[in-house]
Structure formats: structure tokens, C-alpha cells
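A.B. asks: structure, please.
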Amino acid sequence: MIGRTGTVGGAILAAAMTIAAPVSAAPEPAAAVEALVDRFDAARAAFDPTALAATLADDYVEISPVGTVDSRTAVLGFYAVDQRRPVPPMTHDERVVRIVGTTAFVTERKAITLPGGTTRTIRIGYVARRGGGGWRLVSAQYTPIPPPR
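C.D. replies: The predicted structure is shown next:
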């Protein structure tokens, strides 16, 4: 029975909220997908094929800025330690994550500063899939943005 001050009801509500609250919350899905893209970028910049492989689904494909379609195996080979080359500074903005069930769509703009100070920008579209091992990228497409005239 709830008293005039509602203390019994308040106690029951507080107890129910405590029981329902998770002890340690998993990251929100969008944050987990953003972290996946950040790990992917870091692995590529470090030419770390092991870390890169951990971000890619077995059926990953990538469409390069020049339009070639590369398999997971080809992408991992490009980032092999013996292929390491200087990585130009890059920044990203305009990142948007949309999640539909177990699929996530990410778009972002990336600015790449080339030697000599020239900056080029590309638009990147990622698709990720959530499975038993968490989120993995299944595709990426890189589209150059023409420089202003």
C-alpha cells in the first residue's frame, strides 16, 4: 500500500531501477562503430596488417579512389609491414553513423595533406556488420572530392 507521501511507491521504483540498471554498460552502437573506423584508420596508418585484419570481415571489399575493387586479401597485402611508406597527415569531419539492425553505414570526409602542403579531400562510405565477434567492416568506398576551381 502506498502511503500519503508515496514513500513505499518511491522505494519500489528506486529498487526496480537499481535492479534494471546494468553494472557496466556496453558502448552505444554508434560509438562502437566509430571506434571500429578509428581502429581501421590507425591500423592502416601504422601498416599493421594484424590490427587491420581484426577490423575487417572475411568478405570485405574496398573501392579505391581510382575505382579499383580490392578484396580483403589485397587490402591486407597493401598494408604489409614491408610495404610501409610515409603516411600523410589526415583529418576527418562530417562523420555520420546510421545503424539499421546489424548493419551500420558511416560516411565522413577526410582531408589529406600531401607533401608540399597541398590538401586533397575524399568522401568515404563504410558499411559495417555486427556479428558474434562485434562490429567488422564489410566495405569501404573512397570518392575523391575535386579541388575548388
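A.B. asks: beta partners of the spatially closest residue to E34 that is not a sequence neighbour?
C.D. replies: Spatial nearest neighbour of E34, excluding adjacent residues (Cβ to Cβ, 6 or more residues apart in numbering): V97 at 6.1 Å. Yep, even glycine has a C-beta here, placed from its N, CA and C like the rest. Applying DSSP bridges to V97 yields these beta-bridge partners: V106.
A.B. asks: look up how far V106 lies from V97.
C.D. replies: Look at V97 and V106: by Cβ to Cβ, to the nearest Å, they are 5 Å apart.
A.B. asks: joint contacts of these two?
C.D. replies: V33, E34 (Cβ atoms under 8 Å, 6 or more residues apart in numbering).
A.B. asks: please enumerate the strands of the chain.
C.D. replies: 56-63, 69-71, 90-100, 103-113, 119-131, 134-145 (DSSP state E).
A.B. asks: so what are the sheet partners of the last one and their directions?
C.D. replies: Strand 134-145 has the following strand partners under DSSP bridges: strand 56-63 (parallel), strand 119-131 (antiparallel).
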